[in-house]
Structures are given as C-alpha cells and as structure tokens.
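Engineer: Next one to model:
(one chain, ligands or ions: 2)
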Amino acid sequence: MIDEKLEDVLDEVLRRNPGELEFHQAVREVLESLGPVVAKHPELLEHKIVQRLCEPERQLVFRVPWQADDGEIHINRGFRIEFNSALGPYKGGLRFHPSVNTGIVKFLGFEQVFKNALTGMPIGGGKGGSDFDPKGRSDSEIMRFCQSFMTELYRHIGEYTDVPAGDIGVGGREIGYLFGQYKRITNRYESGIITGKGVEWGGALVRNEATGYGTVFFLREMLAARGHSLDGRTATVSGSGNVALFAIEKLQSFGAHVIACSDSSGYVVDDDGIDLDELKQVKLVERGRVGDYADRRPKAHLVERGNVWELPTELALPCATQNELSGRDAATLIDQGCVAVAEGANMPCTPDAVRAFAEAGVAFGPGKAANAGGVATSALEMQQNASRDSWSFSHTEQRLDEIMTNIHRLCAETAEGFGAPGDLVRGANIAGFQRVALAMDALGVI
Ligand SMILES: NC(=O)C1=CN([C@@H]2O[C@H](COP(=O)(O)OP(=O)(O)OC[C@H]3O[C@@H](n4cnc5c(N)ncnc54)[C@H](O)[C@@H]3O)[C@@H](O)[C@H]2O)C=CC1
Ligand SMILES: O=C(O)CCC(=O)C(=O)O
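Structural biologist: Numbers count the residues shown, from 1 in each chain. Ligands and ions are numbered 1, 2, ... in the order given. This is a model prediction of the structure:
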C-alpha cells in the first residue's frame, strides 16, 4: 500500500522514466515505506525532497570503443549515474554485464543513496557500468576495455566528486586497470578516486571480504534479536563471486553448514559442505564455473541451469543479482523450513518474495542494510587514503562489525518507532531516507 501523495510521486517517476522496470521497482519499494514519515513531516513533500530524491543529479552515458585480440573493433556503452550528493561525494560500484542499461544503473544508484546513508558515513550515492560482457575475454581485452572506459570517466570522478568501486564483473583486476589509466591520463597518484584497490597500491585490508562478511554480521544480529544463532544452521548462498565467497567464509567461521552455491550455469550441492579453498581456486584463480568445482569433490553434484532456491535450507543468502528469488521460490523456502534471509545482492528478492517472507514471519534483511558493509569499508579505504595510513585486518574487520551491528540496531529501532517492529525493510527505508532528507533540506533547493 502506498500513501496517496506518494502515489503521485511514483506516477511521475513512471512517466519520466519509461520502461525502466527495475528503477520503478526500487522507487516503489521505498515510497511504500514513507507514508508515516510524510504524514508527520508534510514539508518533505512541499519542499519536494522526495521528488528530488527520485531524480538523479546527473546521468552520464558514453561510448566505449575497444579492440579485441582478433582485431575486431567493438563499441559498448558506458554509464555513470550520479544520484545524490547531499551526504558526500557520489559513491558506488561499476558493473560490467551485458544486461546493464540506464534503468539497471538507476535502480542501483537509487538503492545506493539509502544504503550509504545507513552507514552513517559521509558518502552520497551513485552507480555506473557498461553492457560489456567480460566472460571469455582475455586479460589484454579486459585491460583495453577498462582503459577506454576510464578515458571518458576520468573527467567526472575525484576524491571530492565521485568515487567508483567494483560490482558484478568488476573486481581487483579491473580496478587496477581503471586506476592505472586514471593515473596515466592525469599524471596524478590520487588514491582516493576509486576504492577496492589492491593493498599494495592504496587499497584497504578487508574491502575484498567486506560485503560478504558484513551480510553475515547483519544476519547474526537478525538471528540474535530472535534469540537464535548461526551455529549449526544449514545455509544456501546464491552466486559464487565476491559477495558469495566471503559470505560463505564468514558463515562457516560462525559454524553454519553451507550446502550449496551457484553461478549463471546452475548450482552445485556439496553434501560435505562447500570447500571454500576449492571454490576460491575455481572462481578466483581459474575463473571457472561451479561445475568445475563439482567435478573435484566426491559428494558434490551440479544441477545445470537449476534453481538453487529449490533446496531445503534454514538460511538463504541471495548474493548473485536482482530479482533472482521469486515469490514462488520464497514459498518453497518457507515450506522447507527457512527461518532467515539476508540479501547480499542488490534487490535479489522480488516484491512478492519479500511480502511472502514478511507474512510467514521469516527474518528478512533487505540489501540496502544487509550488504552495506562493502561500501562502508570503501569509506574506510577513503579514510585511510586521506590520512596516508593503513590499518590492520583485525582493526578494520572490527570497524566493519560495529558498523553492521549499528545499521541493524538503527533499522530495528526505526521500525519499532514507526509501529512496525521487526520490519527491517521499513526500518532501513525510513532511517536511510531521514538522514538524506535532513541534509537535502539543509542544503536548500539545489
Ligand atoms: N562487490 C560488492 O562490494 C558489492 C556487491 N553487491 C551486489 O552483490 C551482487 C553480486 O556482486 P559481486 O559478488 O560483486 O559480483 P561478482 O561478479 O563477483 O559475482 C556475481 C556472481 O553472481 C552470479 N550471477 C550473475 N548473474 C547471475 C544470474 N543471472 N543467475 C545466476 N547467477 C548469476 C555470477 O555467476 C557470479 O557468481 C550484485 O547484486 C551486486 O550489486 C552489493 C554490495 C556490494
Ligand atoms: O564500495 C563501493 O563503493 C560500492 C559498493 C556497491 O556497489 C554496492 O554497495 O552496491
């Protein structure tokens, strides 16, 4: 249900952004939570704070030409949506995937604004990427693509303006090529222009692990609020990229039994529990498929093109991509005893799924809160860059844990304060919104 005045805002968003379905979905989800806030503070609509929040400050779309190893010239499209800078420089990742378009980048940028606000750190929200498909491309092709991408992007980013990082298809290798090209073009070693850097050249310890670890810290808090723990629970994680791998690592360290993970080729079940060293070897070193992992493990098998949510599990961590877990999947998970879901990915559960979990009393951690550990640790990287310092792993992980625990507390208290105890979706949307709205109002009509 959506408040009547907010319905008008949503109608305007739909009219101005035709066909951008993921963006519509993300905006609708936030507006559905804001009824009680605008009822209490009608000035937020009079000052057009909500309306301005739904319109990116700047949208950049550019051509990215590059040459493949066989000599063929390819042309991709690059994007950077600088969504909101009321709290600090635009901050958010870059995604390289063939599905990337304006609507996808806009939904991710919109989510990022609220997520970054929840961290309590001085970062605005943005997102970018390209419809480039890195799958099957050589290192040299990836490098040439990244160099071409940065040859346009460099003029728009900076420590005080816009600070990109990784997302799907953009990891340490790509960040290195992007940073190298920035340095070459500008002749400046400005560590603070991008995060997710290698630790030898300005990166922060724990940034690589942060999103996955943070999601599990958040899940631990969700369970603790209900008097439960992770120890001995079965868990299923979708994806097997950056977020998934380190979510598995932290789940296992807390005593959970991770039985399955996936990639776009299908899912793998391992009755002995996922062997993380083997999975990292396949995914991070060989850049292989989950089937390669199954081939090496005695009690593992691949379900080609299978849906990982058909498996019985107590904990579900969608860590792959948007709308990967449907209402039907949620019903299956609930029937088979799932007690908690934490979104490591951005908007992985469809609105039907989120509704089904709420109705069944399943603890649910929305992505903009549960996966905020990645961007929060990026802000810690910026902090270290600005002070020419580097912190130990244990100190940085401790900071991450505190940040995630605080975000959980903020969401839970906000939900409670607005008459929806336990509803972390509402808590996250309202708490994130309040922080950005306050800053926007203070900064005037800009
Ligand atoms: N990397 C980060 O720090 C953060 C990432 N996220 C979100 O987490 C999710 C995963 O991102 P990363 O792990 O960084 O990317 P990644 O590129 O390292 O891994 C993505 C994984 O998802 C799988 N995948 C992608 N599309 C799929 C599909 N249609 N069906 C099944 N599997 C699919 C890939 O095979 C891969 O295993 C994304 O939604 C991203 O926006 C959220 C917060 C921070
Ligand atoms: O670390 C960052 O700046 C980006 C993280 C990100 O893209 C996300 O939170 O979805």
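
Engineer: need the helices for the stretch 151-300 of the chain, in chain order.
Structural biologist: Secondary structure of the stretch 151-300 of the chain (DSSP state H, counting those that start in this stretch): helices at 172-186, 207-225, 242-253, 276-280, 290-296.

Engineer: Out of the ones you listed, the one nearest residue 78 is which?
Structural biologist: helix 172-186 (11.5 Å; Cβ to Cβ). For every residue, glycine as well, the C-beta is placed using N, CA and C.

Engineer: What is that closest one packed up against?
Structural biologist: Where contact means 3 or more Cβ pairs under 8 Å, 6 or more residues apart in numbering; DSSP states H and E, helix 172-186 is packed against strand 90-96, helix 139-153.

Engineer: For the last one, buried residues please.
Structural biologist: Going back to what we said before, that points to helix 139-153. Across helix 139-153, burial judged by 16 or more other Cβ atoms under 10 Å covers 141-151, 153.

Engineer: Work out which residue lies at the spatial centre of this protein.
Structural biologist: residue 346 (4.5 Å; Cα atoms, centre = their mean).

Engineer: before we move on, the earlier item: and ligand 1, which of the helices and strands packed on helix 172-186 is closest to it?
Structural biologist: Taking Cβ to the nearest ligand atom, strand 90-96 is the member of the helices and strands packed on helix 172-186 nearest to ligand 1, at 6.0 Å.

Engineer: Parallel or antiparallel, list what pairs with the closest one.
Structural biologist: Sheet pairing of strand 90-96 (DSSP bridges) gives strand 125-130 (parallel), strand 162-165 (parallel).

Engineer: mean confidence for the helix or strand just after that strand?
Structural biologist: Sequence order places helix 102-118 as the next helix or strand after strand 90-96, per DSSP states H and E. Across helix 102-118, pLDDT averages out at 98.

Engineer: so residue 172 touches residue 208, yeah?
Structural biologist: Yes: between residue 172 and residue 208 there is a contact at 7.0 Å, judged by Cβ atoms under 8 Å.

Engineer: Quick check: neighbours shared by the two?
Structural biologist: Listed contacts common to residue 172 and residue 208 are residue 196; contacts here mean Cβ atoms under 8 Å, 6 or more residues apart in numbering.

Engineer: Compare the two (neighbour count), which wins?
Structural biologist: residue 208 (22 against 16; other Cβ atoms under 10 Å).

Engineer: can you tell me how far the more buried one sits from ligand 2?
Structural biologist: According to Cβ to the nearest ligand atom, to the nearest Å, residue 208 stands 11 Å off from ligand 2.

Engineer: Mind pulling up the pLDDT for that residue?
Structural biologist: 97.

Engineer: re earlier: how about the strands paired with strand 90-96, which one is nearest ligand 1?
Structural biologist: strand 162-165 (6.8 Å).

Engineer: distance of the closest residue to residue 419 other than its chain neighbours from residue 297?
Structural biologist: Nearest residue to residue 419, sequence neighbours excluded (Cβ to Cβ, 6 or more residues apart in numbering): residue 36, at 7.3 Å. Taking Cβ to Cβ, to the nearest Å as the measure, residue 36 falls 50 Å from residue 297.

Engineer: What segments of the stretch 201-350 of the chain are strands?
Structural biologist: Using DSSP state E, counting those that start in this stretch, the strands found in the stretch 201-350 of the chain span residues 234-237, 257-263, 266-270, 300-304, 315-317, 340-342.

Engineer: Tell me which of those is the most buried.
Structural biologist: strand 315-317 (a mean of 29; mean count of other Cβ atoms under 10 Å).

Engineer: Okay, now the sheet partners of that one, with direction.
Structural biologist: Strand 315-317 has these strand partners (DSSP bridges): strand 234-237 (parallel), strand 340-342 (parallel).

Engineer: picking that back up, who's in contact with the residue nearest to residue 419?
Structural biologist: 418-419, 430.

Engineer: Give me the neighbour count for the closest residue to ligand 1 within the chain.
Structural biologist: Across the chain, the shortest distance to ligand 1 (Cβ to the nearest ligand atom) belongs to residue 241, at 1.8 Å. If you count neighbours by other Cβ under 10 Å, residue 241 ends up with 23.

Engineer: how far away is it from residue 272?
Structural biologist: Distance from residue 241 to residue 272, by Cβ to Cβ: 22 Å.

Engineer: Kindly report the same for residue 238.
Structural biologist: Counting by Cβ to Cβ, the gap from residue 238 to residue 272 is 20 Å.

Engineer: Looking at the two, which is more packed in?
Structural biologist: Using other Cβ under 10 Å as the criterion, residue 238 and residue 272 rank with residue 238 on top: 26 against 11.
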